[in-house]
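K.L.:
this is a predicted model, with the sequence first.
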Amino acid sequence: MLAQADRQVVAERLLHAHRTHTPISSPKEMFPALEMEDAYRIQQLCIDQWVAEGARVKGYKVGLTSKAMQQASGINEPDFGLLLDRFFLPEAATLHHADFFGPLVEIELAFVMKDSLAGPHVNAADVIRATDFVLPSIELVDRRLRNRVGVVDTIC
């Protein structure tokens, strides 16, 4: 487990890398003691900063859900994160290559929810009942990390 000050350092470095479009070392390389709980707390620090700057939470994401994507990324479990309004682009958006370090394109299923889900015992039937509709989406994934990453890095 990291100290809160170390989590803050990682969050600040990630936010700086995002703003300046520059790569950094992975959080795990910066702090080898980084654990899953630290990663989610660092993620929340970044989200809190963006929300303080005016962003709105628009949805949630579970990544690396297929074995194929896990094998391709060298990560053996899914990760979870929040989606902010600034991460959604209109269909006609113009993207600039200079804004990206190592972009990847992923085809995803987007679940638009009519009801909220909460608690440790949510199952597939609950998700189906809470879903309004499902549509295809394209995710443009970019990372700001120079080196190979593990699940704690993708969570951060």
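P.N.:
Sure thing, it's come through.
K.L.:
so which strand or helix has Gln70?
P.N.:
Assessed by DSSP states H and E, Gln70 sits inside helix 67-73.
K.L.:
show me what that helix is in contact with.
P.N.:
63-64, 76-78, 106, 149, 154 (CB atoms under 8 Å, 6 or more residues apart in numbering). (C-beta placed from N, C-alpha, C; glycine too.)
K.L.:
just the buried subset of those residues, written out for ChimeraX, thanks.
P.N.:
Entered in ChimeraX, the line below selects the buried ones among the contacts of helix 67-73, by 16 or more other CB atoms under 10 Å:
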select :63,64,149,154
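K.L.:
pLDDT weak spots in the chain?
P.N.:
Scanning the chain for pLDDT under 70 picks out no residues.
K.L.:
in it, which spans are helices?
P.N.:
4-20, 27-30, 36-52, 67-73, 124-130, 151-155 (DSSP state H).
K.L.:
out of the ones you listed, nearest to Pro90?
P.N.:
helix 36-52 (19.5 Å; CB to CB).
K.L.:
from Asn147, how far off is Leu84?
P.N.:
26 Å (CB to CB, to the nearest Å).
K.L.:
neighbour count winner among those two?
P.N.:
For Leu84 and Asn147, the more surrounded residue by other CB atoms under 10 Å is Leu84, and the numbers stand at 18 against 11.
K.L.:
enumerate every residue touching that one.
P.N.:
47, 50-51, 55-58 are the contacts of Leu84 under CB under 8 Å, 6+ apart.
K.L.:
quick one, which of the residues you listed are buried?
P.N.:
47, 50, 55.
K.L.:
one step back: ok, and for the helix holding Gln70, which residues are buried?
P.N.:
70, 73.
K.L.:
Leu82 contacts Arg56, correct?
P.N.:
No - Leu82 is not in contact with Arg56 according to CB atoms under 8 Å; the separation is 10.3 Å.
K.L.:
in JSON lines, list the helices of the chain along with distance to Phe101.
P.N.:
Conversion of the helices of the chain to JSON lines gives the following (distance: least, CB to CB, whole Å):
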{"stretch": "helix 4-20", "distance to Phe101": "8"}
{"stretch": "helix 27-30", "distance to Phe101": "15"}
{"stretch": "helix 36-52", "distance to Phe101": "17"}
{"stretch": "helix 67-73", "distance to Phe101": "16"}
{"stretch": "helix 124-130", "distance to Phe101": "33"}
{"stretch": "helix 151-155", "distance to Phe101": "14"}
